[in-house]
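Trainee: would you be able to build a 3D model of this:
(chains A and B)
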There are 2 protein chains.
Amino acid sequence: MPKPGPLSLNTVTVKERWGLAECIEGCARHGIPGISPWRDVLQAMGVAKAARRIREAGLMVTGLCRGGMFPAADAAGRRRAIDDNRRAIAEAAELGSACLVMVCGGLPPGSKDLPGARAMVRDGLHEILGEARAAGVTLALEPLHPMTCADRSVLSSLAQALDLCDDLGAGTGVALDVYHVWWDPDLDRQVARAQGRIAAFHACDWLVPTTDTVFDRGMMGDGCIDIPRIRAMAEAAGYTGFIEVEILSKRWWREDPDEVLDLMKRRHATAC
Amino acid sequence: MPKPGPLSLNTVTVKERWGLAECIEGCARHGIPGISPWRDVLQAMGVAKAARRIREAGLMVTGLCRGGMFPAADAAGRRRAIDDNRRAIAEAAELGSACLVMVCGGLPPGSKDLPGARAMVRDGLHEILGEARAAGVTLALEPLHPMTCADRSVLSSLAQALDLCDDLGAGTGVALDVYHVWWDPDLDRQVARAQGRIAAFHACDWLVPTTDTVFDRGMMGDGCIDIPRIRAMAEAAGYTGFIEVEILSKRWWREDPDEVLDLMKRRHATAC
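Mentor: Below is the predicted model:
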């Protein structure tokens, strides 16, 4: 099996200890060629300055996290979400990011209308698509694990994401995160269907047991996901890009980020 | 919309405070016409005695929980699982249960071989099918929420369960638990496909936030699942049976079971 694609650091992996400046310096120091910032650390530095420093450090921006969060209880809330997505597209363009990762949003608070929330996601994506295309920013629809359906993402499977891509057309793709899709009985078929549309590949691991539905992701190799198997599917579907490490974990956030990056590099070589 | 089918108490809902005797008496006292025992409380009473007392109380047995748990690290472990399933089939038959609910099992400890574990489930089901048919016990394949894939059930979607039913043939069906399937973007289509094969309908609710991947299920009406919508799908697919309440919850286990049953009845009328 070929070696995994180059490594990228998603900044949320070290978010408690490092801002964007430290992440950029850390990637350069550790020889990690890619970075994927979250918008909070990006805005804290300022987009123009961040774009310059990332470029000067010789790093690729493998994604900007995140757009989406479309569903809202009323039209004003949905409008605010659209406006925020427009800003996110502009930031991704200024950053030269490979894509804008779309975490599409859960049910509006108190709502049980799942088909309605899914329609809000589809409508929101249609509304921002023109601007994304004009800016040259690929919207990377990220199906999230079904356990996040209520409060984070009503986009719950790769099949559903690809159906949306079929509907939306050019300028869209998928972000394939092993954590969110590893359980899917239909994964082989859907990844093959994603041929040419995989805009990002995210890695971490599923711990046994998992003690939190959001903040207990594992370091690659510490859990039960056969990451090389999923990577092979993605490569068979034409993906040749980065392996972006995105670990939301109360446990890893406590550690020295330099040690986390060292371990990431080892596990990138041995467990991806 | 028609009223929901009659109510059934899954004994795990009150497992910290009531054994099977109290559950049988409680159902009779509260006018709950169905019961679904777990095998631990059933065996504690003895199957023959339980069958007699349930019959004398005038209750229907809507399911026996549970068979399954097929994957194991070695052949001896898989053999033990098959043997245990044979005993479960005999117990379900003696009890006159409508079905044996199959929780198929997760990955063997330390394994990352998900296709392998799924093959063990298929092989195990094939091995016990003849006995189930001979005993007149329907094997109700229960897809569990994908968050349980590692340690409880590699059967993760209704589509996957129905594919297995197609493969196995007569004597199999599905247990449809709203908690496990509510997020599924393909749910409408798959429930329609389940026409004539829905052996059980389980109800509880998804809490927002959910603080435990196993023991934080909600009382119907306390969460975000549109239970009537899913029930309507099941009824359109020909289901006319019980609404079985199965709530694994550290919170509800602390409460007075008589109060839990009272609330179940109210929510059965208002939230199902």
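
Trainee: report pLDDT for residue A:49.
Mentor: Residue A:49 is assigned 98 on the pLDDT scale.

Trainee: got it, and the one 10 residues further on?
Mentor: pLDDT, the model's per-residue confidence, is 98 for residue A:59.

Trainee: tell me the secondary structure at the closest residue to it other than its chain neighbours.
Mentor: Distances taken as Cβ to Cβ, 6 or more residues apart in numbering or on different chains put residue A:35 closest to residue A:59, at 4.8 Å, once the chain neighbours are dropped. From N, CA and C alone the C-beta is placed, and that goes for glycine too. Assigned by DSSP: H, G, I helix; E, B strand; the rest coil, the conformation of residue A:35 is strand.

Trainee: check contacts around residue A:35.
Mentor: Listed by Cβ atoms under 8 Å, 6 or more residues apart in numbering or on different chains, the contact partners of residue A:35 are A:8, A:9, A:11, A:23, A:24, A:27, A:54, A:59, A:60, A:61, A:62.

Trainee: looking at those residues, which are in strands?
Mentor: Under the assignment DSSP state E, the contacts of residue A:35 contribute A:8, A:9, A:60, A:61 to strands.

Trainee: mind checking how far residue A:255 is from chain B?
Mentor: According to Cβ to the nearest Cβ, to the nearest Å, residue A:255 stands 24 Å off from chain B.

Trainee: rewinding a little: ok, and which of the ones in strands among the contacts of residue A:35 reach chain B?
Mentor: Among the ones in strands among the contacts of residue A:35, no residue sits close to chain B (Cβ under 8 Å from any Cβ of the partner chain).

Trainee: looking at these, spot the one nearest residue A:267.
Mentor: Nearest to residue A:267 among these: residue A:9, at 12.8 Å, using Cβ to Cβ.

Trainee: what pLDDT does the model give the closest one?
Mentor: 98.

Trainee: just the one 3 residues further on next, same as before
Mentor: In this model, residue A:12 is scored at 98, pLDDT.

Trainee: count residues in the vicinity of it, would you?
Mentor: Neighbours of residue A:12 under the rule other Cβ atoms under 10 Å in any protein chain shown: 22.

Trainee: cool, and the one 5 residues further on?
Mentor: The local packing count at residue A:17 equals 14, with neighbours defined by other Cβ under 10 Å.

Trainee: can you check residue A:237 too?
Mentor: Using other Cβ under 10 Å, the number of residues around residue A:237 comes to 17.

Trainee: hang on, isn't it packed against residue A:201?
Mentor: No: in this structure residue A:237 lies outside contact range of residue A:201 using Cβ atoms under 8 Å: 10.5 Å.

Trainee: show me where chain A has its helices.
Mentor: When secondary structure is read from DSSP state H, chain A shows helices at A:20-30, A:39-45, A:47-56, A:75-95, A:114-135, A:158-168, A:178-181, A:187-193, A:227-236, A:250-253, A:257-270.

Trainee: got a list of contacts for the longest one?
Mentor: Same thing as helix A:114-135. A:67-68, A:70-72, A:78, A:81-82, A:85-86, A:89-90, A:92-93, A:100, A:102, A:104-108, A:111, A:138-139, A:141, A:149, A:154-155, A:164, A:167-172, B:182-183, B:185, B:226.

Trainee: quick one: buried ones out of the residues you listed?
Mentor: A:67-68, A:70-72, A:78, A:81-82, A:85-86, A:89, A:92-93, A:100, A:102, A:104-108, A:111, A:138-139, A:141, A:149, A:154-155, A:164, A:168, A:171-172, B:182-183, B:185, B:226 (16 or more other Cβ atoms under 10 Å in any protein chain shown).

Trainee: show me these that map onto strands.
Mentor: Short answer: these in strands (DSSP E) are A:67, A:68, A:100, A:102, A:139, A:141, A:172.

Trainee: I'd like to know how far the residue nearest to residue A:57 when sequence neighbours are not counted sits from chain B.
Mentor: Closest residue to residue A:57 apart from its sequence neighbours, by Cβ to Cβ, 6+ apart: residue A:28 at 4.5 Å. Using Cβ to the nearest Cβ, we find residue A:28 at a distance of 33 Å from chain B.

Trainee: up against chain B, what does the stretch 1-150 of chain A have?
Mentor: A:107, A:111, A:112, A:113, A:114, A:118, A:145, A:146, A:147, A:149, A:150.

Trainee: derive a ChimeraX selection command for the buried subset of those residues.
Mentor: If you want just the buried ones from these in ChimeraX, going by 16+ other Cβ under 10 Å, the selection is:
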select /A:107,111,112,114,118,145,146,147,149,150
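
Trainee: right, and the pair among the residues of the stretch 1-150 of chain A next to chain B with maximum separation?
Mentor: Comparing every pair within the residues of the stretch 1-150 of chain A next to chain B by Cβ to Cβ identifies A:113 and A:145 as the most remote, at 20.9 Å.

Trainee: from residue B:74, how far out is the residue nearest to residue A:57?
Mentor: Using Cβ to Cβ, to the nearest Å, one gets 48 Å for the distance from residue A:28 to residue B:74.

Trainee: ditto for residue A:178
Mentor: Taking Cβ to Cβ, one finds residue A:178 at 27 Å from residue B:74.

Trainee: when the two are compared, which one has more neighbours?
Mentor: Ranked by neighbour count (other Cβ under 10 Å), residue A:178 and residue B:74 place residue A:178 first, with 24 against 9.

Trainee: I figured the more buried one hits residue A:232, correct?
Mentor: No: Residue A:178 is beyond contact range of residue A:232, at 11.8 Å (criterion: Cβ under 8 Å).

Trainee: which two of the ones in strands among the buried ones among the contacts of helix A:114-135 have the greatest separation?
Mentor: Farthest pair in these (Cβ to Cβ) is A:68 and A:172. Separation: 12.6 Å.

Trainee: do you know the pLDDT at residue A:33?
Mentor: Reading off the model, residue A:33 has pLDDT 98.

Trainee: for it, what are its contacts?
Mentor: A:6, A:7, A:8, A:27, A:58, A:59, A:60, A:242.

Trainee: out of these, who's nearest chain B?
Mentor: Using Cβ to the nearest Cβ, the shortest approach to chain B within the contacts of residue A:33 belongs to residue A:7, at 21.0 Å.

Trainee: confidence score at residue A:98?
Mentor: Model confidence at residue A:98, given as pLDDT, is 89.
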